[in-house]
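K.L.:
Sequence and predicted structure below; questions after.
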Amino acid sequence: MKTTSNNMQTTSPSSVQSIHADMLKRCKSGDRHAQMQVYHLYYKAMYNTALRIVKDRFEAEDLMQESFLKAFNDLPSLQDLSTFTAWLKRIVVNKSINSLRQKATYDGFVDGLETTPEIEPEKQDLPYSVQEIKAAMETLSDGYRLVLSLYLFEGFDHEEIAEILSITSSTSRSQYNRGRNQLKQLLISKN
């Protein structure tokens, strides 16, 4: 820890990683207190990830908790603790998608000959609030909404999305472009 000029203590990034690594090692050995600390560090982000996919607060809460249970049970098999966050997020995403599939509300994907060429993202500020964009995304089909959420919010690339959803990367790109275009149209029509 360092002390700043106004006597506040700050933590360097390497010491934060060390604290997390220590906490995860304790989790690996079954330390319930450490597991609760890890849960509190990550639960909000993982809940939001699940919520963006399943669109139901109660189901997102259940999926998030199931994901943490799976993560803590499978943690001894995780070789590189530095990948814990991405690994946990992948568990949440997979559980959320499986839940959609089981509920038979999953719209699926348009995987045909017709594809939309990939368009580079526009580098302009949108005149819409985050709330307006989120509300409009809620109305998209599951396929479009899933790909947009995984790409824009969760930071997965099209190859990773293809692997997660068992589709081709070109289908992921096509769904992304179609979803983005539909989202733009929804936002424009509301103004």
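P.N.:
Received it, and whenever you're ready, just let me know what you need. Residues are numbered from 1 along each chain as shown.
K.L.:
What's the first helix or strand after the host helix or strand of N98?
P.N.:
Here N98 is covered by helix 84-102, with elements defined by DSSP states H and E. Moving toward the C-terminus from helix 84-102, the next helix or strand (DSSP H and E) is helix 130-138.
K.L.:
And that following helix, what's buried?
P.N.:
Residues of helix 130-138 classed as buried by neighbour count (16 or more other Cβ atoms under 10 Å): 133, 136-137. C-beta coordinates here come from the backbone N, C-alpha and C atoms, glycine included.
K.L.:
re earlier: residues contacting the helix holding N98, please?
P.N.:
With contact meaning Cβ atoms under 8 Å, 6 or more residues apart in numbering, helix 84-102 is reached by 20, 24, 42, 45-46, 49-50, 53-54, 59-60, 63-64, 66-68, 70-71, 78, 106, 142, 146, 150, 154, 156, 164-165.
K.L.:
how distant is that helix from the center of its chain?
P.N.:
How far helix 84-102 lies from its chain's middle: 8 Å, per Cα atoms, centre = their mean, to the nearest Å.
K.L.:
among the contacts of helix 84-102, which are in helices?
P.N.:
Using DSSP state H, the subset of the contacts of helix 84-102 located in helices is 20, 24, 42, 45-46, 49-50, 53-54, 59-60, 63-64, 66-68, 70-71, 142, 146, 164-165.
K.L.:
From these, keep the buried residues only.
P.N.:
20, 24, 42, 46, 49-50, 53-54, 59-60, 63-64, 66-68, 71, 142, 146, 164-165.
K.L.:
For L140, give me its contacts.
P.N.:
Contacts for L140 (Cβ under 8 Å, 6+ apart) come out as 148, 179, 182-183, 186.
K.L.:
domain assignment for this structure?
P.N.:
10-102, 130-190 (automatic domain parsing).
K.L.:
S149 versus the residue nearest to E132 when sequence neighbours are not counted, what's the distance?
P.N.:
Of all residues not flanking E132 in the chain, L187 sits nearest, at 6.5 Å (Cβ to Cβ, 6 or more residues apart in numbering). As for L187, its distance to S149 is 16 Å (criterion: Cβ to Cβ, to the nearest Å).
K.L.:
Where does the prediction get shaky in this protein?
P.N.:
Applying pLDDT under 70 to the chain picks out residues 1-19, 104-126, 191.
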